[in-house]
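Novice: missing the sequence, but the structure's below:
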């Protein structure tokens, strides 16, 4: 059977919601759980969220969970796993309040996700901070942010622009430029795919040509035309190359139409130009960054190095980085470690990582 092979990932991660697995006990939790709504300053967006409050009498520290690429609900449903709900449950059982929020256009939150950018999501985080400061149960001086994947860029922007952030926790959080992230992510995915070597070469070539084109013309009204021209030039060269392979059938396809639609959107234009060097040197609060060494979406070594490098450029050396062996992008112990494996694994979130996060936060707030 002939199969069309299409390789191109246009964002950091967007995973379908499937049957949800829970982590930990299913019994009634020993903490308060409130379903809430709040609005931004001009009331243009209403946010739906869940706030979990530990059973302690004095105002407590709080963490706001910030999602990665793709519309996600407050529980962080990814590949059948309620990732953010598991994190919230663990931290709240250990005395830390957690706010987890539906993304724009998801669940109880209004707004249009598809026309929003990473900077817009950072503004949403600042709205969440303002809301938590109105809650008497929360210590306003101990509100931190926990960002996953693209959420790492979001919390960096938010913390650089607001002095109410007490600390940052990055879980597989982005600390490279958008262009570099797309290049590395796609190269890793292609390398770990089942494509023939010649198709891997073709995929990497067209991907990088497209990234360069979009980066160069991201702010141009002629971006669509430039993408089309780049593809047409590549196709002529690629057709000639394929004829030299003596292969009967060509199953490789580049999704030019869907890519063009994505790449000309507001999010992609902003993301590919994102540079953490514009934000992380301005972050002066403690930072914890964790990555699995089997993460194919946010490269472990490169991103952890930048979580240290850029804050240090601004004088902030209060940064701890942790490499988690055998862990994928969703913080699961993996075998093949491909994205397709996420849903096959029963683990929701590595408990060692949860313990590290909890212990580190308590050192900042106690």
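Specialist: Perfect, I can see it now. On a predicted model such as this, the values are computed, not experimentally measured, just so you know. Numbering: from 1, shown residues only.
Novice: buried residues in stretch 91-111?
Specialist: When neighbours are counted by 16 or more other Cβ atoms under 10 Å, the buried residues of stretch 91-111 are found to be 91-104, 106-109, 111. (Glycine included, C-beta is placed from N, CA and C.)
Novice: just stretch 160-173 next, same as before
Specialist: 160, 161, 165, 166, 167, 168, 169, 170, 171, 172, 173.
Novice: Contact partners for the fourth one?
Specialist: So that's residue 166. When contacts are counted by Cβ atoms under 8 Å, 6 or more residues apart in numbering, residue 166 is found next to 61, 141, 142, 143, 144, 285, 364, 365.
Novice: can I assume the fifth one sits in a strand?
Specialist: Translated: residue 144. Yes. The assignment for residue 144 (DSSP: H, G, I helix; E, B strand; the rest coil) places it in a strand.
Novice: count of neighbours near the residue lying closest to residue 343 once chain neighbours are set aside?
Specialist: The shortest distance from residue 343 to any residue that is not its chain neighbour, by Cβ to Cβ, 6 or more residues apart in numbering, is 4.2 Å, and that residue is residue 79. Per other Cβ atoms under 10 Å, the neighbour tally for residue 79 reads 22.
Novice: Just want to check the distance between residue 79 and residue 344.
Specialist: According to Cβ to Cβ, to the nearest Å, residue 79 stands 9 Å off from residue 344.
Novice: separation between residue 95 and residue 362?
Specialist: Taking Cβ to Cβ as the criterion, residue 95 is separated from residue 362 by 8 Å.
Novice: Buried residues in stretch 274-285, which are they?
Specialist: Judged by neighbour count using 16+ other Cβ under 10 Å, the buried positions of stretch 274-285 are 274, 276, 279, 280, 281, 282, 283, 285.
Novice: Turn those into a markdown table, including secondary structure.
Specialist: Listed next are the buried residues of stretch 274-285 as a markdown table, based on three-state DSSP:
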| residue | secondary structure |
| --- | --- |
| 274 | coil |
| 276 | helix |
| 279 | coil |
| 280 | helix |
| 281 | helix |
| 282 | helix |
| 283 | coil |
| 285 | coil |
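Novice: what's the closest of those residues to residue 257?
Specialist: Within the set of these, residue 274 lies nearest residue 257; the separation is 25.0 Å, counting by Cβ to Cβ.
Novice: pLDDT score for the closest one?
Specialist: The predicted structure scores residue 274 at 98 on the pLDDT scale.
Novice: just the helices in the stretch 201-350 of the chain please.
Specialist: Per DSSP state H, counting those that start in this stretch, the stretch 201-350 of the chain carries helices over the ranges 223-243, 256-263, 266-273, 300-313.
Novice: In a markdown table, list these along with mean neighbour count.
Specialist: Rendered in a markdown table, the data for the helices of the stretch 201-350 of the chain read as follows (neighbours: other Cβ atoms under 10 Å):
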| stretch | mean neighbour count |
| --- | --- |
| helix 223-243 | 14 |
| helix 256-263 | 16 |
| helix 266-273 | 19 |
| helix 300-313 | 19 |
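Novice: Just put the ones you listed in JSON lines and tack on distance to residue 353.
Specialist: What follows is the helices of the stretch 201-350 of the chain, written out as JSON lines (distance: least, Cβ to Cβ, whole Å):
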{"stretch": "helix 223-243", "distance to residue 353": "39"}
{"stretch": "helix 256-263", "distance to residue 353": "31"}
{"stretch": "helix 266-273", "distance to residue 353": "26"}
{"stretch": "helix 300-313", "distance to residue 353": "13"}
